[in-house]
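Novice: task: produce atomic coordinates for the following.
(one chain, ligands or ions: 1)
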Amino acid sequence: MRGLAALARRYGTPLYVYSAQTMRERYGALRGAFTRPALVCYALKANSCRAVAAVLAREGAGADIVSGGELLRARAAGFMPSRIVFSGVGKTEEELAAGLRAGVKAFNVESSEELDALARVAGRLRRRAPVSMRLNPDIDAMTHPHVTTGRADNKFGVEASEAFSLYRRAARDPRLRVAGVSCHIGSQITSLAPYRRAAAAVAALARKLRAAAIPLDFADMGGGIGISYENEAALDPKALARTLEKAFADQPELELLVEPGRYLVADAGILLTKVLYRKRTSKRRFVIVDGAMTDLPRPALYGSWHPIAAVSPRRGKKTVADVVGPVCESGDFLARQRPLPPLERGDLLAVLKAGAYGFAMSSQYNSRPRAAEVLLEGGKARLARRRETCRDLARGEK
Ligand code: LLP
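Specialist: Model prediction:
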């Protein structure tokens, strides 16, 4: 933790600090858990910082992208297009064209109209578009409602019967090439049961397609691997791999894909923030810090719990306080009713497990320039993204 104080002095706060080592360990544990051909596609949305993504690209990971912007960033980070899957419920024709030109591994298609658009774009570009339908298996991932995606009342994917007829259409269309099947039922999933059920549904569809002479190259089971933020039991990568391999045991020709974001980067990142002021009302104690919901929106958005540690803890009795930012909303908190050691103005706090959906979801609300990001690699720290300035805030305005 001493090194963190030096980083805060050098780069200022709020500051994101990432560990390349932790990401490599996570990637290795997951990739190593599979005993048949498998591809771990890093979901760039979790953290699209080029230096972070490049660590995983160098390890041999593929990428899961959901926009033209992520395509650009994935390529800049060094991911091979042949290992990139393009997901997302609302890809524009421009984005489809960019993916086709780049030569992505597959488009995870989510509707009949998107399939039409993809065929049109492919025809125009005279390329065959690799298609993988995203199945909505109507399974409850038993996670936060905002990140549950595999229920029939969610906007994602297509139901099994429709998927089958879309595959039939794709198989007949010379502008399309049936490549695989995909499914993503949610995020921060901490039990195997939903994966087991989703994999069974995907495997059944693949079997039915094989019987209809529409063979697939891969089955993509999406992301969602849950980590332990507070005291949840994290999903074990080995158990997950075993579950998936079992579901597809009778279809050894299928390459298995997963699209984890959080699992690979959440534990690799912290948000360093400095105590600005302390105050008390008749009801509550507050620690006001320079990091806010604009830097780490998860607590405000989902009521998420992140561990918080004092970088140089002072001796003394712990007291319970809310850790809040400078933004003008009561929803702007990093922690509520948290026991904290004695703190003085200028003390540093580290918000842990902040490497996923932290900076990536940050905003400039209240005209707050976004934080800087630093990557630790091989014992060295390097600036991965400079802190925004107030001039950056008005960039593009006329
Ligand atoms: N694949 C697809 C198609 C996805 O939609 C997602 C996440 C992933 C993969 C990666 O999921 P992961 O392995 O990271 O769980 N902002 C929320 C999480 C939103 C996840 C959206 N989709 C949070 O901070 O908890």
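Novice: near the ligand, which residues of the stretch 101-250 of the chain?
Specialist: Applying the criterion Cβ under 6 Å from any ligand atom, the portion of the stretch 101-250 of the chain that neighbours the ligand consists of 147, 184, 187, 188, 222, 223, 224, 225. In this view, the C-beta of every residue, glycine as well, is placed from N, C-alpha and C.
Novice: repeat the analysis, applying 8 Å as the threshold.
Specialist: For the stretch 101-250 of the chain, the residues found near the ligand under the criterion Cβ under 8 Å from any ligand atom are 108, 134, 144, 146-147, 149, 156, 182, 184, 186-189, 222-226.
Novice: whichever of those end up buried, select them in PyMOL.
Specialist: The following PyMOL line selects those of these that are buried, judged by 16 or more other Cβ atoms under 10 Å:
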select buried, resi 108+134+147+149+156+182+184+186+187+188+189+222+223+224+225+226
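Novice: so of the residues of the stretch 101-250 of the chain next to the ligand, which ones are in helices?
Specialist: Here DSSP state H is the test, and these give no hits in helices at all.
Novice: report the contact partners of residue 295.
Specialist: 14, 16, 271, 273, 325, 358, 359, 362, 368, 370, 371 (Cβ atoms under 8 Å, 6 or more residues apart in numbering).
Novice: if we go to 7 Å?
Specialist: Residue 295 makes contact with 14, 271, 362, 371 under the criterion Cβ atoms under 7 Å, 6 or more residues apart in numbering.
Novice: per-residue confidence at it?
Specialist: What the model reports as pLDDT for residue 295 is 98.
Novice: so how far is the ligand from it?
Specialist: Summarising the geometry, the distance separating residue 295 from the ligand, computed by Cβ to the nearest ligand atom, to the nearest Å, is 13 Å.
Novice: likewise residue 34?
Specialist: As defined by Cβ to the nearest ligand atom, residue 34 lies at a distance of 16 Å from the ligand.
Novice: list the contacts for that residue?
Specialist: Contacts for residue 34 (Cβ under 7 Å, 6+ apart) come out as 241, 245, 256.
Novice: narrow these to those in helices?
Specialist: Per DSSP H, the subset of the contacts of residue 34 in helices is 241, 245.
Novice: now distance to residue 52 too, for the contacts of residue 34, in TSV please.
Specialist: Formatted as TSV, those follow (distance: Cβ to Cβ, whole Å):
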residue	distance to residue 52
241	24
245	29
256	24
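Novice: so which of the contacts of residue 34 comes closest to residue 178?
Specialist: Compare each of the contacts of residue 34 with residue 178 using Cβ to Cβ and the shortest gap goes to residue 256, at 17.2 Å.
Novice: what's around the closest residue in space to that closest one that isn't next to it in sequence, how many residues?
Specialist: Once flanking residues are discounted, residue 256 sits nearest to residue 38: 4.4 Å by Cβ to Cβ, 6 or more residues apart in numbering. Applying the criterion other Cβ atoms under 10 Å, we find 19 residues in the vicinity of residue 38.
Novice: any figure for the gap between residue 38 and residue 259?
Specialist: If you measure residue 38 against residue 259 using Cβ to Cβ, to the nearest Å, the figure is 12 Å.
Novice: what pLDDT, on average, does stretch 252-267 get?
Specialist: Confidence for stretch 252-267, expressed as mean pLDDT, is 98.
Novice: repeat that for stretch 40-60.
Specialist: Per-residue scores along stretch 40-60 average to 98.
Novice: any residue of it touching the ligand?
Specialist: Yes - using Cβ under 8 Å from any ligand atom as the criterion, contacts between stretch 40-60 and the ligand involve 43, 45, 46.
Novice: of the residues you listed, which belong to strands?
Specialist: Using DSSP state E to define strands, the subset of the residues of stretch 40-60 next to the ligand located there is residue 43.
Novice: in ChimeraX, how would I select just the buried ones from the residues of stretch 40-60 next to the ligand?
Specialist: Burial among those is assessed by 16+ other Cβ under 10 Å; the matching ChimeraX selection reads:
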select :43,45,46
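Novice: run a quick neighbour tally on residue 60.
Specialist: Taking other Cβ under 10 Å as the criterion, the count of residues near residue 60 is 13.
Novice: again with residue 391
Specialist: Tallying neighbours of residue 391 according to other Cβ under 10 Å, which is how burial is gauged here, yields 8.
Novice: return the set of buried residues in stretch 185-205.
Specialist: 185-190, 192, 194-195, 197-203, 205.
Novice: same thing with stretch 155-171?
Specialist: Neighbour-count burial for stretch 155-171, counted by 16+ other Cβ under 10 Å, picks out 156, 157, 158, 160, 163, 164, 166, 167, 170, 171.
Novice: and if you look at stretch 341-348?
Specialist: For stretch 341-348, the neighbour count (16+ other Cβ under 10 Å) marks 343, 347, 348 as buried.
Novice: what's in contact with that stretch?
Specialist: The list of residues contacting stretch 341-348 from outside it, by Cβ under 7 Å, 6+ apart, reads 4-5, 8, 272, 274-278, 287, 310-311, 313-314, 316, 318.
Novice: wait, which of those is closest to residue 78?
Specialist: Top of the list for closeness to residue 78, among the contacts of stretch 341-348 and by Cβ to Cβ, is residue 272 at 27.4 Å.
Novice: show me what the helix or strand where the closest one lies is packed against.
Specialist: Here residue 272 sits within strand 269-280, counting by DSSP states H and E. Under the contact criterion of 3 or more Cβ pairs under 7 Å, 6 or more residues apart in numbering; DSSP states H and E, the helices and strands touching strand 269-280 comprise helix 2-11, strand 15-19, strand 285-289, strand 348-351.
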